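fold the stuff below for me.
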Amino acid sequence: MTSGGRIGVFGGTFDPPHIGHLSVAVEVRHALSLDRMLLVVANDPWQKRGSRALTPAADRLEMVRLAVGDLDGVEVDDREIRRGGASYTVDTVRELLEEASGAEVFVVVGGDAAAGITTWERADELARLATFVTVHRPGFDGPAPAEGFGWAEVEVPALDVSSSDLRARIADGRPIEVLVPGPVATWIAEHRIYPRDR
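Residues are numbered from 1 along each chain as shown. Next up is the predicted model:
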């Protein structure tokens, strides 16, 4: 068991990871003086079931490893993939608290996720275990906190980039360089995991 500290949990499918993800990770870590910011790659994200075919978890994990590189205090976490099955944040937070005695956990969410937080698996338990962090762009207020949840807000740079747009750009043969870290762009091109002209 490791000692406590302030741990950020930024979960997602990261299909693919991009500069917006990294910007959020770095800004939140700085704003909240976190000791570690974990990018937790979802195995089977229940919110997205049936919406589209996901890139295999092992490929998404490798892209996140390449994206993070040697960013100070930002780490890749594969526990949801190793655990298998549906990925629930409450299980991840419980594991972290068991591993790091006395830790404080901060779960990073965007506006859409924050608005639906009460629908998450075992939301009441999660509210007792972690503080939620909403991220928003300059000039935009975050959603009203759900009753019973601890909240913090962090303003992040307005970077208009999304994983869905990147997949569309790749399918159309448009460039993704600059929007994703160089090693990720190279890996995607070499492995051709996003088909062209879908």
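
and the strands in this structure?
2-3, 6-12, 36-41, 74-77, 100-101, 104-109, 131-136, 150-155 (DSSP state E).

now for these, which one comes closest to L166?
strand 6-12 (13.4 Å; Cβ to Cβ). For every residue, glycine as well, the C-beta is placed using N, CA and C.

and the angle from the closest one to strand 131-136?
Going by axes from the mean of the first three to the mean of the last three Cα atoms, to 10 degrees, strand 6-12 is angled at 60 degrees with respect to strand 131-136.

in strand 6-12, what's buried?
Using 16 or more other Cβ atoms under 10 Å as the test for burial, strand 6-12 gives R6, I7, G8, V9, F10, G11, G12.

of all those, which comes closest to I81?
For the buried residues of strand 6-12, the nearest to I81 is G11 (11.5 Å; Cβ to Cβ).

any idea how far the closest one is from T118?
17 Å (Cβ to Cβ, to the nearest Å).

wait, what's in contact with the most centrally placed residue in the chain?
Nearest residue to the geometric centre of the chain (Cα atoms, centre = their mean): G11, 3.2 Å. Counting by Cβ atoms under 8 Å, 6 or more residues apart in numbering, G11 touches L39, V40, V41, A42, E80, S87, T89, T92, V107, V108.

what's the neighbour count on the last one?
The reference is to V108. Taking other Cβ atoms under 10 Å as the criterion, the count of residues near V108 is 29.

is the closest residue in space to it that isn't next to it in sequence bridged to anything, and to what?
Spatial nearest neighbour of V108, chain neighbours left out: F10 (4.2 Å); criterion: Cβ to Cβ, 6 or more residues apart in numbering. The residues listed as beta-bridge partners of F10 by DSSP bridges are L39.

now F10: how far from P175?
From F10 to P175 the distance is 26 Å (Cβ to Cβ).
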